[in-house]
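# quick one: sequence and predicted model below, then my questions.
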Amino acid sequence: MVDARILHTTAALREAILRLAADRPVSRITVSDVTRAAGINRATFYSHAVSPGSLLADVLTPELDRIRETDQTARRAAVERGTSPAELEAITRRGIEAVVDHVVAHRAVYCTALPDPEDASLHRLLVDHFTVSSAQHVRDLPDGRPELLDDVAAGFVAQGVVGAIEVWLAGPRRSRRALVETITRSLPSWWR
């Protein structure tokens, strides 16, 4: 059983970093800012994280991991059933929608953290998430896909999706549906 104090501290750190990161770039958030907002001391902070950027990544990563697990489970089940390309494309779309929903739920955080030139931790978090997801996706593609360098293809898609999210967040307000459509239609035809 997890100690109630640890649960309380974890929740306080989560709330503090999300609130602070929504207000200013991660590079301008100090450990003192986080400890003050969470009502903890520095030693407690460092027992949970090494920096405000790593704490933010630690808070957001589990949500992205759940999205990846849901996508992979659905994709593997569909492939085992011998599903149609249209169903695989629908699974891809749902995965993209889930990530976009995650970004929208944390829009203020992503809007301040992604363009931060002094701390790329959130950018790296998204690229790493999509690279791992894309590499697994490439490995699980049915027969008939083109011969390619799997890691390069995964990196290409990961960087493209993150770039699309960054441009969408920085630009004029456009619908989340338009972003999902644009990303989905921009994927290579063999990707589905």
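Now that the structure is in, tell me what you want to look at.

# all the helices of the protein, in order from the start?
With DSSP state H, the ranges of helices along the chain come out as 4-23, 31-38, 42-48, 52-81, 85-105, 107-113, 121-140, 150-170, 176-186.

# dump these to CSV, plus mean neighbour count.
C-beta: built from backbone N, CA, C; applies to glycine. Converted to CSV, these look like this (neighbours: other C-beta atoms under 10 Å):
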stretch, mean neighbour count
helix 4-23, 16
helix 31-38, 17
helix 42-48, 14
helix 52-81, 17
helix 85-105, 17
helix 107-113, 19
helix 121-140, 19
helix 150-170, 17
helix 176-186, 14
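
# which one of these has the lowest average pLDDT?
Looking at these, the lowest mean pLDDT belongs to helix 121-140 (a mean of 89).

# now that one against helix 150-170, angle please.
140 degrees (axes from the mean of the first three to the mean of the last three C-alpha atoms, to 10 degrees).

# okay, angle between helix 121-140 and helix 52-81 too, please.
Using the same axes, to 10 degrees: helix 121-140 against helix 52-81 is 20 degrees.

# tell me the helices and strands packed up against helix 121-140.
helix 52-81, helix 107-113, helix 150-170 (3 or more C-beta pairs under 8 Å, 6 or more residues apart in numbering; DSSP states H and E).

# run through who's touching it.
The contact list for helix 121-140, computed with C-beta atoms under 8 Å, 6 or more residues apart in numbering, reads 26, 51, 53-54, 56-57, 60-61, 64-65, 68, 71-72, 75-76, 79, 95, 109-110, 113-114, 116, 145, 148, 150-151, 153-155, 157-159, 161-162, 165-166, 191.

# state the distance from the nearest residue to Glu166 once chain neighbours are set aside to Leu148.
Excluding the flanking residues, the one nearest Glu166 by C-beta to C-beta, 6 or more residues apart in numbering is Leu114, at 5.3 Å. For Leu114, the distance to Leu148 (C-beta to C-beta, to the nearest Å) stands at 28 Å.

# these two: which has the busier surroundings?
Neighbour tally, Leu114 and Leu148, criterion other C-beta atoms under 10 Å: the higher count belongs to Leu114, 20 against 13.

# list the contacts for the more buried one?
Residues in contact with Leu114, defined by C-beta under 8 Å, 6+ apart, are Leu122, His123, Leu126, Ile165, Glu166, Leu169.

# reformat the residues you listed as CSV; add distance to His8.
CSV is the format used below for the contacts of Leu114 (distance: C-beta to C-beta, whole Å):
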residue, distance to His8
Leu122, 25
His123, 31
Leu126, 29
Ile165, 33
Glu166, 35
Leu169, 32
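
# all set, thanks.
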